[in-house]
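Enquirer: pasting a predicted model and its sequence here:
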Amino acid sequence: MSALTESPAWQALGKHFQAISGLHMRELFAADPGRSDVMSIEACDILLDYSKNRVTPTTLKLLIDLALQAGLPDRIEAMFNGEKINVTENRAVLHTALRNRANTPVIVDGEDVMPKVNSVLERMGNFCNAVRNGDWLGYTGQPITDIVNIGIGGSDLGPLMVCEALKAFGHPRLNMHFVSNVDGAQIVDTLRKCHTATTLFVIESKTFTTSETLTNAHTARDWFLRSARYESTIAKHFVAVSTNAKAVAEFGIDTNNMFEFWNWVGGRYSLWSAIGLPIALYLGRQHFLDLLAGAHEMDQHFRHTPLERNMPVMMALLGIWYVNFFGAASHVITPYNQSLHRLPAYMQQLDMESNGKSTDMNGHAVDYQTSPIIWGETGINGQHAYFQMLHQGTQLSPIDFIASIENPSTLPRHHTILLANFFAQAEAFMRGKTEAEARGELLAAGIEGEQAERLLPHKIFGGNRPSNTLLLGQLDPTTLGALIALYEHKIFCQGVIWNVNSFDQWGVELGKQLAKQIQAELDIAAPTQSHDSSTNRLINFYKQRARNG
Ligand SMILES: O=P(O)(O)OC[C@H]1O[C@](O)(CO)[C@@H](O)[C@@H]1O
């Protein structure tokens, strides 16, 4: 057994689980009408109601014991203070410094990083103003109308998700495009919608070595030069965001047109850095600063609120309760705002790339589950697709319901229907439908006797399916910033308790190495023999068909 599973707090939770796992939330609500007043937290214009979880006050106390046993308060301070908590890469983890609107010094290797953070923000702001005002002109003297972000993973998902979420605040002249897939279909389709004279390419890559991004960037450059002809025109149409100035220069982008960030910013935590440039271009400098301010407010809440009233901490602990004690393999994210439709995809990288680990900080194999599988869709669409399984299937999948009270992008009547569904689903998952209720409904519908008995088992809902409800005041830059930071910190807390490094991603390397080797093999006609028989056969089958075709 590992130190974690042997620990007193873990053992106590295991015993407690045996005692209460049979309890139904209906009973818990009936026994304590004030349950949701106690089991809710308000911060940063977000209300978290976590009362529809299979917990009692004792569960919460034991979970807090687990957090304390893991030294969570010290680990939180270590992160904010710039300690090198990403031990396998010997790096600090300071996405919080990027949104440190209080501007207090944050020291890494003896240097306050805030002056350089502020200086890049200043440059981004000036550049965005020029593009948005129409002062930044393309090679024929026209203002920019289309912005194409080329990047993948953290250099795509954050900017894409935020630009979609905050479309209501977007600049009316600017059309945003995001190209991540190396499948040429995506860039071809995008370029078809753009004109060289009015398109700005933002090439985003922390490392500037990512093959998908560089391939797309070269294709964009070739497309551009076919019309613009002179290399000197590139400066007006290509900017880069990276930590790797040398590779940016080698690609042919003037480093004066490069916006820098630093190795203490993880890719999936980078939307607050210059990687947020497409966001700032689309929404404007002030809205980008508002996004940072919202995240900063959540940072302050996270850093300074006692664990039992701390929103990210409570969400982390509830997640651990289900993953490690109920054996839940997955966790569902269901936004009830259409504009948050890319949030589940964003959360997949944030959570699974961070905590999808089976080796702990000491290099030992873990003997407990870590990151759940994160999945989801907009809630309304999910209701008409996978909710059947969530209501009556055999798997327990906790759900996060997310909606906003105000929704500037929708119509009032639509919003009422949307929110009615939002409230109803969380209630349905909690209470279910008993046999007596189902029987009563059948009777009311005039279905009796044998037919009623046959249908009855299918009409029963066990309920007792846990969910968190997150109600945002409105979906604006500030609240969205807070929401994203909330999940970042939730994931961090879980990583601390699971004792994994949430900030490396070695698991993505092997596939990349093999792809490089196979790419070289695909370029030669001779049959491949260097892999296992399945991979050889697949490659050679492909080669033969591609040659004949
Ligand atoms: O920004 P880069 O260096 O191109 O990397 C893109 C993405 O690729 C990954 O390294 C995974 O392969 C992610 O962690 C990262 O967000």
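Expert: That came through, no problem.
Enquirer: excluding chain neighbours, what is closest to the residue in the stretch 401-549 of the chain that the ligand sits nearest to?
Expert: Distances between the stretch 401-549 of the chain and the ligand by Cβ to the nearest ligand atom are smallest at residue 508, namely 3.8 Å. For glycine as for every other residue, the C-beta is placed from the backbone atoms N, C-alpha and C. Nearest residue to residue 508 in three dimensions, chain neighbours excluded: residue 353, at 7.4 Å (Cβ to Cβ, 6 or more residues apart in numbering).
Enquirer: so residue 291 lies in a helix, does it not?
Expert: Yes - with DSSP: H, G, I helix; E, B strand; the rest coil as the criterion, residue 291 is part of a helix.
Enquirer: run a quick neighbour tally on it.
Expert: Counted with other Cβ atoms under 10 Å, the neighbours of residue 291 add up to 30.
Enquirer: which stretches in the stretch 301-450 of the chain count as strands?
Expert: 330-335, 373-376, 399-406 (DSSP state E, counting those that start in this stretch).
Enquirer: hmm, I typed the wrong one, I wanted the chain.
Expert: For the chain, applying DSSP state E gives strands covering 40-43, 46-49, 107-108, 111-112, 146-150, 175-179, 199-204, 238-242, 258-260, 330-335, 373-376, 399-406, 467-474.
Enquirer: mind listing what residue 102 touches?
Expert: Residues near residue 102 by Cβ atoms under 8 Å, 6 or more residues apart in numbering: residue 296.
Enquirer: on that earlier part again, how about the residue nearest to residue 508, what does it touch?
Expert: Residue 353 touches 153, 268, 505, 507, 508, counting by Cβ under 8 Å, 6+ apart.
Enquirer: so how do I select the buried members of the residues you listed in ChimeraX?
Expert: Entered in ChimeraX, the line below selects the buried ones among these, by 16 or more other Cβ atoms under 10 Å:
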select :153,268,505
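Enquirer: follow-up on the earlier one: export the strands of the chain to TSV and tack on mean neighbour count?
Expert: Below are the strands of the chain laid out as TSV (neighbours: other Cβ atoms under 10 Å):
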stretch	mean neighbour count
strand 40-43	17
strand 46-49	20
strand 107-108	16
strand 111-112	14
strand 146-150	25
strand 175-179	21
strand 199-204	26
strand 238-242	27
strand 258-260	20
strand 330-335	24
strand 373-376	20
strand 399-406	22
strand 467-474	21
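Enquirer: let me see the mean pLDDT of the top helix by length along the chain.
Expert: Assignment by DSSP state H gives helix 477-498 as the longest helix of the chain. Averaging pLDDT along helix 477-498 yields 98.
Enquirer: do stretch 198-216 as well
Expert: Rounded mean pLDDT across stretch 198-216 is 98.
Enquirer: what's the answer for stretch 64-77, then?
Expert: Computed over stretch 64-77, the average pLDDT equals 98.
Enquirer: buried ones in that stretch?
Expert: Buried residues in stretch 64-77 (16+ other Cβ under 10 Å): 64, 65, 66, 67, 69, 70, 72, 73, 75, 76.
Enquirer: next one: that stretch to chain centre, how far?
Expert: 24 Å (Cα atoms, centre = their mean, to the nearest Å).
Enquirer: okay if I get the strands of the stretch 301-450 of the chain as JSON lines plus distance to the ligand and mean pLDDT?
Expert: Listed next are the strands of the stretch 301-450 of the chain as JSON lines, based on distance: least, Cβ to the nearest ligand atom, whole Å; pLDDT from 0 to 100:
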{"stretch": "strand 330-335", "distance to the ligand": "19", "mean pLDDT": "98"}
{"stretch": "strand 373-376", "distance to the ligand": "15", "mean pLDDT": "98"}
{"stretch": "strand 399-406", "distance to the ligand": "23", "mean pLDDT": "97"}
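Enquirer: now those strands in JSON lines, please, with extra columns for distance to residue 83.
Expert: What follows is those, written out as JSON lines (distance: least, Cβ to Cβ, whole Å):
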{"stretch": "strand 330-335", "distance to residue 83": "29"}
{"stretch": "strand 373-376", "distance to residue 83": "28"}
{"stretch": "strand 399-406", "distance to residue 83": "30"}
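Enquirer: quick check: which of those strands is nearest to residue 497?
Expert: strand 330-335 (15.3 Å; Cβ to Cβ).
Enquirer: and the closest one with strand 399-406, angle?
Expert: 10 degrees (axes from the mean of the first three to the mean of the last three Cα atoms, to 10 degrees).
Enquirer: who's in contact with strand 330-335?
Expert: Under Cβ under 8 Å, 6+ apart, the answer for strand 330-335 is 319, 322-323, 341, 343-344, 347, 351, 372-379, 382, 390, 395, 397-403.
Enquirer: strands paired with that strand, and their directions?
Expert: If you go by DSSP bridges, strand 330-335 pairs up with strand 373-376 (parallel), strand 399-406 (parallel).
Enquirer: out of those, the one nearest residue 132 is which?
Expert: strand 399-406 (25.1 Å).
Enquirer: one step back: packing partners of the longest helix of the chain?
Expert: Counting contacts by 3 or more Cβ pairs under 8 Å, 6 or more residues apart in numbering; DSSP states H and E, helix 477-498 packs against strand 46-49, helix 57-69, helix 72-80, helix 157-165, helix 285-304, helix 311-320, helix 354-355, strand 467-474.
Enquirer: would you turn those into a markdown table with distance to residue 240?
Expert: Output for the helices and strands packed on helix 477-498, formatted as a markdown table (distance: least, Cβ to Cβ, whole Å):
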| stretch | distance to residue 240 |
| --- | --- |
| strand 46-49 | 35 |
| helix 57-69 | 41 |
| helix 72-80 | 28 |
| helix 157-165 | 14 |
| helix 285-304 | 18 |
| helix 311-320 | 33 |
| helix 354-355 | 26 |
| strand 467-474 | 34 |
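Enquirer: and of the ones you listed, who's closest to residue 133?
Expert: Here helix 285-304 is closest among the helices and strands packed on helix 477-498 (Cβ to Cβ), at 11.1 Å.
Enquirer: for stretch 100-117, C-alpha coordinates in PDB please.
Expert: Taking Å, rounded to 0.1, in the frame of the first residue of the first chain, the C-alpha atoms of stretch 100-117 are listed here in PDB:
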ATOM      1  CA  ASN A 100      -1.600  39.100 -10.700                       C
ATOM      2  CA  ARG A 101      -3.400  42.300 -11.000                       C
ATOM      3  CA  ALA A 102      -2.300  43.400  -7.600                       C
ATOM      4  CA  ASN A 103       1.200  43.500  -9.100                       C
ATOM      5  CA  THR A 104       2.900  42.200  -5.900                       C
ATOM      6  CA  PRO A 105       6.400  40.900  -6.600                       C
ATOM      7  CA  VAL A 106       6.600  37.200  -7.600                       C
ATOM      8  CA  ILE A 107      10.200  35.900  -7.400                       C
ATOM      9  CA  VAL A 108      11.600  33.200  -9.600                       C
ATOM     10  CA  ASP A 109      15.400  32.500  -9.400                       C
ATOM     11  CA  GLY A 110      15.900  35.700  -7.500                       C
ATOM     12  CA  GLU A 111      14.000  37.800 -10.100                       C
ATOM     13  CA  ASP A 112      10.600  39.500  -9.800                       C
ATOM     14  CA  VAL A 113       8.700  38.300 -12.900                       C
ATOM     15  CA  MET A 114       6.100  41.000 -12.800                       C
ATOM     16  CA  PRO A 115       7.900  43.700 -14.800                       C
ATOM     17  CA  LYS A 116       8.300  41.300 -17.800                       C
ATOM     18  CA  VAL A 117       4.700  40.100 -17.400                       C
END
